[in-house]
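Asks: please find the sequence and the predicted model below.
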Amino acid sequence: MLRVDRRLLVQFDWLLVGLAGLLIVAGLLTVSTLVPRLGARQLMALGIATVAAMVLVSVDYRTLARWACWGYGLGLVTLVAVLVAGRSALGARRWIAVGPVGLQPSELFKLAFIGTLAVYLAARESHRPGWDRVLVPLALTLPAVGLIVKQPDLGTALTLLPVAVALIVVGGARWRHLGMLAGCGLAVLPVFWFLLRDYQRERILVYVDPSRDPLGSAWNVIQAKITIGSGQLWGKGLFGGTQSRLAFLPERHTDFVFAAFAESWGFLGAVALLIVYVLLVLRGFEVAATARDTLGSLLATGATVLLASQALVNLGMVTGLLPVVGIPLPFVSYGGSGLLTAVGAVALIANVRMRRFA
Amino acid sequence: MIRPRPAPAVQRARLRFLAAALGVGFLAVAGQLAHLQILSGERLAALSDRNRLRLRPIAAPRGILFDRTGLPLVDNRPAFSLMVVPRDVPDLSALLDTLAGLLQIPASELRDRLARVSSDSPWPLRLSRGLTLEEVARIEEWRLDLPGVTVEVEPQRAYPGVRFAAHLLGYVREASDADLGRSGLRRGDLVGQTGLERLHDEHLRGRDGGEQVEVDAYGRLIRVLDRREPVPGAHMRTTIDRRIQQAAEDALGARAGAVVVMDPRNGDVLALASHPAFPVERFARPLDRETWLGLVQDPTRPLLNRAVQGLYPPGSLFKVVVAAAGLQGQVITPFDRLACPRQWVFGGRPYHNWEDHDRGALTLHEALQFSCNTFFYQLGLKVGPERIAQMAQALGLGRVTDSGLTGERPGLVPSPAWKREALKDKWHPGDTVSLSIGQGLITVTPLQVARLMAAVANGGTLWKPRLVDRVVTPEGRLIREVAPEVQGRVEVAPVVFDFLRDALASVVAAGTGKAAQVPGVAVAGKTGTAQTHEFRSDADRKRRDQDHAWFAGFAPVDEPQVVIVVLAERAGLGGQVAAPIAREVLKAVFLEKVARATAPR
């Protein structure tokens, strides 16, 4: 099973891996200059992720897809388990202990989720698109989203929705159905408001009006803006970031790591990082467009949109464009589960690409 | 030949659509970055500096006051100050309540202090000074509940005694709003308010230094970026002799009054005591309202510096002035005699001597020696009020001595011209009678009397009282030297001064001032008992315990080295109360001579 065809190796997507590598290096550099101890841990996580990625790449994605629904089922069970017995941190139950390390099942669930939706939509390819193209994926999405929101992990839940929508779109649903879906979504939005926790509502209110509570919820937003802005054009240098190094920036090595990066590297560095993301995403779509079959196309689309939407939600939050939802920046933020997922997504795309001729 | 299977056109279009949607998102982020880092970059960079930079003032130690022998009169010691950085405090109101509870001070007082600065101020503000170790321990214990609060060590005034030389030394207070208008003063700076502390305050103060430090989000110090060392205040060498000052205060004891010791050769003030005194040490910390009101409303008036602010009728001391005026005006010679009856009637009114028997006809010398009132009534009338007033003014009465001490008062020398002018009233011969024994409207301060007596002792030179000898930086560089200053010369023939010195010597040797005798030292002086109210009966006249007791003299008679003035308020007869006090002080001054004279052979 792990025997890799030499032909496949030739087709391996070094560009994609190179782009992801750049992001990982940027993350490692930022994290380890801020909290040196965590740099080493992240490096360890990277090792594990690399091994996992090699396994993911070596197995044909069609084989992988067959297991996906099992992963999906297992994922749902662990999400329930986390709610019941998970470790809580900062008031949220997101982790579950696996030996000495804590795993975030909602992170790892994402890939199985993409696989399951892709398998279903690919299987329906030859049929005339009907409501099933919209409703079945949605039915697969909502329970998971509900469980994750319940943790509460609004950020992760929010990234699943764009992935689902992207897969439904690329999976051939009719625009008419999509439009109606969007309409329903907008109608449900107020109901969603009542499902939120108080602090989540507060974050959204603060986003609308940051002066509401300058030292409470808005502190993060204000300090993140100061951190990014004070980097100006050229940045303060790798070790010169006062905002991040002196802890004015909260969550400086996790969710707000981009602010720390932008402080050190300035506008030029931050835009360079954005360009790497854009190139990565474009490459992902190219793979999707050139995949051998619809399943591959859908898998690549899902993985790409997962990375892109997660990056965008994080960047929007850190730069103050979106309300604060706790979500890491793929590849860059400190955190093993997040890195594992991001690397896994890249592996999935690479898997599809190198088998486009097979 | 394997070719990639081209995706259906629909799928490609949809992928492009997705890519475009995400692209818009990335563009939005890039736009926001440009907005933050380029358009608002400078403003946000300034905000980030404000986040991390703090300016910590380092208080300059105030100059030390030394006495003429090099002993410290006021020193510095490290003390704890409570500081707060308003912008590091999330809830100022709650913090003040906690602090007020911990330090047992009213929250309103702390609020007043904070009200003067912005609640977002990054500069440390001093909330309290002179914290006790216990209070510091309590603050440290509550550290975690007191964000933005620090305890700094700053120099504070240290005094040799709680009340020692309180009026002379004076106190320092934080600059008031009025002070802030003056140059170089910042809020919280200590300013000398009274006494010696005020005299050369600008040199004593020094210049505060400061540190620019970097702190983290918890207000913890990360590193010092820049430091400007404080310039310590200059030291002041005064003319005071700490030993004599102590002796003067001890001799005065619990009596309200003042003692001044001066060098008649140059005007140096060797001691200047006033009792009751205020607790000068207490003034080093912020005073609370109750303490302040207690001091201000105290009927014994502890804040009054009686040596320069207390106005008293000179009583019989003034006979020296009348005698000088009579001799200089050639109204009387040392050989003329005038009667000294127990009662003398003028204008149908009896004027009494203080003794109850007739002494017969006396010379001026004898009249001074026994302080005969009835003799001086007659002499005063002969000399006339104009000449008496003129002589009094020539000897420095009726105007401030310019010692530089706070609130010094000029006193009053009444004359017919003055009375017409000020009171719109005619001068009566009875006014002259009162004036000739130093009663009536005339008032003097003890320091004025010291200057006058110094002029008698040195033959007519009016010295400006000198309190400060020099101001020197801690490294020893001379900033200011204060030379003795002659304020005037009394136009009186030398023989007149010789006569007065001789007469004053016999006052102590064989007259009313015997209690001022010091073994081994010839003392000259004049007693005075200043009446403070009208006598209503003969019995009333004999009760003298409500009178101010005076003694003013100098020693040794031949070569006067010190002038001493003692005033005891409402204490009794000058010869009985003030002269012994003078004796005790003179004993301390001439310690060695006294020891030699009393040593067993």
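Replies: Structure's in. What do you need?

Asks: how near is the closest residue to chain A within chain B to residue A:256?
Replies: Proximity to chain A, evaluated over chain B using CB to the nearest CB, is greatest for residue B:44 at 2.8 Å. For the C-beta atoms, the positions are set from N, CA and C on the backbone; glycine is no exception. Between residue B:44 and residue A:256 the computed distance is 15 Å (CB to CB, to the nearest Å).

Asks: for residue A:270, same thing?
Replies: In this view, residue A:270 and residue A:256 are 13 Å apart by CB to CB.

Asks: spell out which residues of the stretch 101-250 of chain B are next to chain A.
Replies: B:214, B:215, B:216, B:217, B:218, B:222 (CB under 8 Å from any CB of the partner chain).

Asks: and those, which two are the farthest apart?
Replies: B:214 and B:218 (12.6 Å; CB to CB).

Asks: and the residue nearest the centre of chain A, what does it touch?
Replies: Nearest to the geometric centre of chain A sits residue A:310, at 3.9 Å (CA atoms, centre = their mean). Residues near residue A:310 by CB atoms under 8 Å, 6 or more residues apart in numbering or on different chains: A:159, A:327, A:328, A:329, A:330, A:342.

Asks: now for the residue nearest to residue B:129 when sequence neighbours are not counted, how many residues are close by?
Replies: In this structure, residue B:129 finds its nearest non-sequential neighbour in residue B:81, 5.0 Å apart by CB to CB, 6 or more residues apart in numbering or on different chains. Neighbours of residue B:81 under the rule other CB atoms under 10 Å in any protein chain shown: 19.

Asks: by contact count, what packs against the helix or strand containing residue B:81?
Replies: In this assignment (DSSP states H and E), residue B:81 forms part of strand B:72-84. Judged by 3 or more CB pairs under 8 Å, 6 or more residues apart in numbering or on different chains; DSSP states H and E, strand B:72-84 is in contact with strand B:65-66, helix B:92-103, strand B:125-131, helix B:133-141, strand B:149-158, helix B:195-199.

Asks: all helices of the stretch 1-150 of chain A, in order?
Replies: A:6-10, A:14-34, A:36-58, A:61-85, A:105-123, A:132-150 (DSSP state H, counting those that start in this stretch).

Asks: out of the ones you listed, indicate the one that is most buried.
Replies: helix A:105-123 (a mean of 24; mean count of other CB atoms under 10 Å in any protein chain shown).

Asks: how about it and chain B, touching?
Replies: No - with CB under 8 Å from any CB as the criterion, chain B is not reached by helix A:105-123; the gap is at least 11.1 Å.

Asks: show me how far stretch B:446-465 is from its chain's centre.
Replies: In terms of CA atoms, centre = their mean, to the nearest Å, the centre of stretch B:446-465 is found 22 Å from the chain centre.

Asks: which residue, other than its chain neighbours, is closest to residue B:474?
Replies: residue B:232 (5.2 Å).

Asks: how far away is residue B:389 from residue B:375?
Replies: Using CB to CB, residue B:389 is found at 20 Å from residue B:375.

Asks: and those two? Which one has more around it.
Replies: residue B:375 (28 against 22).

Asks: confirm the more buried one sits in a helix?
Replies: Yes - counting by DSSP: H, G, I helix; E, B strand; the rest coil, residue B:375 is part of a helix.

Asks: assign a three-state SS to residue 330, would you?
Replies: You didn't say which chain, so I picked chain A. Classified using three-state DSSP, residue A:330 is coil.

Asks: sorry, should have said chain B
Replies: coil.

Asks: count the neighbours of it for me.
Replies: Number of residues near residue B:330 (other CB under 10 Å) recorded here: 8.

Asks: swap in residue A:12?
Replies: With other CB under 10 Å as criterion, residue A:12 counts 15.

Asks: for residue A:197, same thing?
Replies: A count of nearby residues for residue A:197, using other CB under 10 Å, gives 14.

Asks: name the residue of chain A that lies nearest to chain B.
Replies: residue A:229 (2.8 Å).

Asks: one step back: mind putting the helices and strands packed on strand B:72-84 into CSV with mean pLDDT and mean neighbour count?
Replies: Listed next are the helices and strands packed on strand B:72-84 as CSV, based on pLDDT from 0 to 100; neighbours: other CB atoms under 10 Å in any protein chain shown:
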stretch, mean pLDDT, mean neighbour count
strand B:65-66, 94, 24
helix B:92-103, 85, 16
strand B:125-131, 84, 19
helix B:133-141, 86, 13
strand B:149-158, 86, 18
helix B:195-199, 90, 23
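
Asks: which of those sits closest to residue B:364?
Replies: Per CB to CB, nearest to residue B:364 of the helices and strands packed on strand B:72-84: helix B:195-199, 40.4 Å.

Asks: turn the helices of the stretch 1-150 of chain A into CSV, columns for mean pLDDT.
Replies: Listed next are these as CSV, based on pLDDT from 0 to 100:
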stretch, mean pLDDT
helix A:6-10, 72
helix A:14-34, 93
helix A:36-58, 90
helix A:61-85, 85
helix A:105-123, 86
helix A:132-150, 85
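
Asks: tell me which of the ones you listed lies nearest to residue A:168.
Replies: helix A:132-150 (5.2 Å).

Asks: quick one: list the elements packing against the closest one.
Replies: helix A:61-85, helix A:105-123, helix A:154-170, helix A:175-195.

Asks: and residue A:340, what does it touch?
Replies: For residue A:340, counting by CB under 8 Å, 6+ apart, the contacting residues are A:45, A:48, A:49, A:52, A:107, A:108.

Asks: mind putting the residues you listed in JSON lines, distance to residue B:548 included?
Replies: Listed next are those as JSON lines, based on distance: CB to CB, whole Å:
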{"residue": "A:45", "distance to residue B:548": "93"}
{"residue": "A:48", "distance to residue B:548": "99"}
{"residue": "A:49", "distance to residue B:548": "99"}
{"residue": "A:52", "distance to residue B:548": "103"}
{"residue": "A:107", "distance to residue B:548": "95"}
{"residue": "A:108", "distance to residue B:548": "99"}
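
Asks: I figured residue B:250 hits residue B:581, correct?
Replies: No - between residue B:250 and residue B:581 there is no contact under CB atoms under 8 Å: 9.7 Å.

Asks: comparing the two, which residue is more hemmed in?
Replies: Neighbour count, other CB under 10 Å: between residue B:250 and residue B:581, residue B:581 has more, with 26 against 13.

Asks: CA atoms of the host helix or strand of the more buried one as PDB?
Replies: If you go by DSSP H and E, residue B:581 is part of helix B:579-589. Extracted in PDB, the C-alpha atoms of helix B:579-589 (Å, rounded to 0.1, in the frame of the first residue of the first chain):
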ATOM      1  CA  ALA B 579      16.800  85.900  83.500                       C
ATOM      2  CA  PRO B 580      17.200  82.300  84.700                       C
ATOM      3  CA  ILE B 581      16.400  81.000  81.300                       C
ATOM      4  CA  ALA B 582      19.100  83.300  79.800                       C
ATOM      5  CA  ARG B 583      21.500  82.100  82.400                       C
ATOM      6  CA  GLU B 584      21.000  78.500  81.400                       C
ATOM      7  CA  VAL B 585      21.600  79.300  77.700                       C
ATOM      8  CA  LEU B 586      24.700  81.400  78.500                       C
ATOM      9  CA  LYS B 587      26.000  78.500  80.600                       C
ATOM     10  CA  ALA B 588      25.800  76.300  77.500                       C
ATOM     11  CA  VAL B 589      27.400  79.000  75.300                       C
END
